[in-house]
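Q: Sequence plus the predicted model coming up.
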Amino acid sequence: MTMTKAEQTKLYETTDLALVSVLLLFLPDSLEAVNRENPHRVVFGFEKSVKLDELVSRFWSRKLKIEPRAFFDGIKIAKARIYSEN
């Protein structure tokens, strides 16, 4: 999937599977794009928002608490998105 520069500025992009798992659990409707152009790395694009920024900040500062099973389920959801045909 190729996105224009205007579309890219509206998205928060990450390749970190753990972060993607968390974002899919807390903000499931914010996933806008899954870019598979690079065969070695998938880039997930999430719609930017204040809530997303706060969640990402809490994730990277290690202040986010999540139930382990929910985190694992989020990883499974992310992997399903990676390997799906759409």
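A: Received, thanks.
Q: any weak-confidence spans in this structure?
A: Within the chain, the stretches with pLDDT under 70 are 1-8, 85-86.
Q: again, only this time at 50
A: Residue ranges of the chain with pLDDT under 50: 6.
Q: what ranges do the helices span in the chain?
A: Chain-ordered helices for the chain, with DSSP state H as the definition, fall at 5-9, 17-26, 50-60, 68-83.
Q: hey, which of those helices is tucked in deepest?
A: Greatest average neighbour count among the helices of the chain goes to helix 17-26 (a mean of 20), per mean count of other C-beta atoms under 10 Å. Just so you know, the C-beta spots here come from the backbone N, C-alpha and C atoms, and that holds for glycine as well.
Q: For residue 62, grab phi and psi.
A: Backbone dihedrals for residue 62, given as degrees, to the nearest 10, come out at phi 60, psi 30.
Q: That one and residue 22: what is the separation?
A: 12 Å (C-beta to C-beta, to the nearest Å).
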